[in-house]
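Student: Next come a sequence and a model predicted from it.
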Amino acid sequence: HVPQGPVCTNLGLKPGQRLTVKGKIAPNAKSIVMNLGKDATLIGLHFNPRFDAHGDVNTIVCNSKKVEEWGAEHREPVFPFQKGGTAEITFSVNENDVTVHLPGHQFTFPNRLGLSVFDYFDTQGDFTLQSLSWE
């Protein structure tokens, strides 16, 4: 069972805007999930740092999901997260992709679903959300 954190709807994030997420990582964390999309069924960016889950150790896995259909997994070679630490992640929405800003690293993930606005955000797993801000 994955703990479900807060769910945001009607965010209205458009290209040129960004969402900054801050929170605390559990001391025994296995996995963190953040979903950004149109709603719970159309996830443009599934952001999943895995400390030890699904056969991955200290790996960031990203994907997209259209209803029940997952896309191809994208793996990032860096892992700037620590169990029991804090995390600050910024998602910048662009025309054709989303830039994910991590401590000392950034990467882009394509907007595979062609979403013009990101209304939905949720967090799941071993992460306690402390603040959300967008501009």
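Tutor: Perfect, I can see it now.

Student: And the strands in this structure?
Tutor: 4-8, 18-25, 32-37, 42-53, 56-66, 69-70, 74-76, 86-93, 97-102, 105-110, 120-125, 127-134 (DSSP state E).

Student: for the chain, what helix or strand is lowest in average pLDDT?
Tutor: Using mean pLDDT, DSSP states H and E, strand 4-8 stands out as the lowest-scoring helix or strand of the chain, at a mean of 89.

Student: Report the buried residues of it.
Tutor: Residues 5, 8 are the ones in strand 4-8 that count as buried (16 or more other C-beta atoms under 10 Å). Placement of C-beta: from N, CA and C, glycine included.

Student: Residue 69 pairs with what?
Tutor: residue 66 (DSSP bridges).

Student: make that residue 37, sorry
Tutor: Under the criterion used here (DSSP bridges), residue 37 is bridged to residue 43, residue 120.

Student: Tell me the predicted confidence for it.
Tutor: Looking at residue 37, its pLDDT reads 98.
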